[in-house]
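Chemist: What would the 3D arrangement of this be:
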Amino acid sequence: MLAEMISYIIENSQDFTTALGEHLELTLIALGISIAFGLLLGIIGSRFRSLRNFLLNVGKIGRTIPSLAVLALSLPLLGIGKPPTLLALTLIGTLPILINTIIGLEQVDKDTKEAAVGMGMKDLQILRQLELPIALPVIMAGIRTAAVVIVAGATLAGFIGGGGLGDLILNGHQLGRDHVMLAGAIPATLLSFYFEEAFGRLETWATPKGLTDETRQSGGLIGLLLAIAVMPLIFGTLLPWSITNTTGEAPTVLTGIHPEYRGIGLPILVLGLVATLWPRRGEKGNSWPITLVTWGAAIAALLWFVVGLFSKIDALETSGLVLLLASVVSITAITSLELVLSYRNHRANPRRIKELQTTL
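Modeler: Numbering: from 1, shown residues only. Prediction:
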């Protein structure tokens, strides 16, 4: 079954990449709007007590409604296609951000706010410089939840003509081909895991150091940048590597997972994912021997690309190759910086210095 799924993705790589791009487009647009509305309504709810309970109740009740039902309710308003999909996904994503924003702002200590008022700070200054930084961990948790809910809910967009990976699932169901369904379902599941990891790193990086759980794995800014680099890495593998035009025939498009280039594209993808998604601890990262492994994976991916460029690839003329090269170079640069910082932290470790002094 998995072999059939992989063969289908290879043979229909253009359709798969288009569906994946539509899925991400719906997710990111809906998430951006959800963050704006969720924060705005949450701040308003924290300021006006008369609206607080109403907004919280709407948020709690709204989260119990199935995602497919929300999509169906948007059909009479906007018809079929992407507009009702964006409306439904925005509503689904706004609710957890709204609830967490209100709760996070209310958890700020009243004595702290009174002290800020006594120092002459205005309400907007208190909100921006005191309340939002303290409430940020709770708010970011809401954004993280919203991102995962939206990327999962976008799969249902195929039911109302919204596009995305849901189209593959529906097509597979209608044709009775399980491998086509899996070609949409498995990438959608992996996207949910990816958004969970990426926004988890963003949450820890954006949270003030005094409020951060030091035991949590994130990798700080470096971990966040590496998580961002995953998308160009994947799309660089799936977008066209070569386009052959034959007179009177449709152009032949080959991607990084096509049998002709699979020996180059797949090892680069796997090595890049090891370098970017390896769990990282706190702002200081992993111990430098482990960081050496992730840096080695990035270097191996870059060298593999260079070897492939001279052996099978004629020129960097297609979007897939350019994007893949940019992502691999970026990952190598970031992991190199991570290796240097990790080694410096290792050298400056007080325990190590004490052990050296003892041996001397």
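Chemist: which stretch of helix or strand covers residue 120?
Modeler: Per DSSP states H and E: residue 120 is located in neither a helix nor a strand.
Chemist: how much space between it and residue 126?
Modeler: From residue 120 over to residue 126 the distance is 11 Å, taken as CB to CB, to the nearest Å. For every residue, glycine as well, the C-beta is placed using N, CA and C.
Chemist: When these two are compared, which one has more neighbours?
Modeler: Regarding residue 120 and residue 126, a neighbour count based on other CB atoms under 10 Å identifies residue 126 as having more, with 17 against 7.
Chemist: Spatially nearest residue to that one (excluding sequence neighbours)?
Modeler: residue 116 (4.9 Å; CB to CB, 6 or more residues apart in numbering).
Chemist: Is the one you found inside a helix or a strand, and which specific one?
Modeler: Applying DSSP H and E, one finds residue 116 within helix 110-118.
Chemist: Quick check: buried residues in that helix?
Modeler: 113, 116 (16 or more other CB atoms under 10 Å).
Chemist: got it, and stretch 310-327?
Modeler: Here stretch 310-327 shows 313, 318, 320, 321, 323, 324, 325, 327 as buried, counting by 16+ other CB under 10 Å.
Chemist: now swap in stretch 297-306 and tell me
Modeler: 297, 298, 299, 300, 301, 302, 304, 305.
Chemist: So which elements touch the helix or strand the second one falls within?
Modeler: The reference is to residue 298. Assessed by DSSP H and E, residue 298 sits inside helix 288-311. Applying 3 or more CB pairs under 8 Å, 6 or more residues apart in numbering; DSSP states H and E, one finds that helix 288-311 makes contact with helix 262-277, helix 319-347.
Chemist: Take those helices and write them to CSV, including mean pLDDT and distance to residue 67.
Modeler: Shown next, in CSV, are the helices and strands packed on helix 288-311 (pLDDT from 0 to 100; distance: least, CB to CB, whole Å):
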stretch, mean pLDDT, distance to residue 67
helix 262-277, 88, 27
helix 319-347, 84, 31
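Chemist: Let's have those helices in JSON lines, adding distance to residue 60.
Modeler: Listed next are the helices and strands packed on helix 288-311 as JSON lines, based on distance: least, CB to CB, whole Å:
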{"stretch": "helix 262-277", "distance to residue 60": "34"}
{"stretch": "helix 319-347", "distance to residue 60": "40"}
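Chemist: Cool, thanks, signing off.
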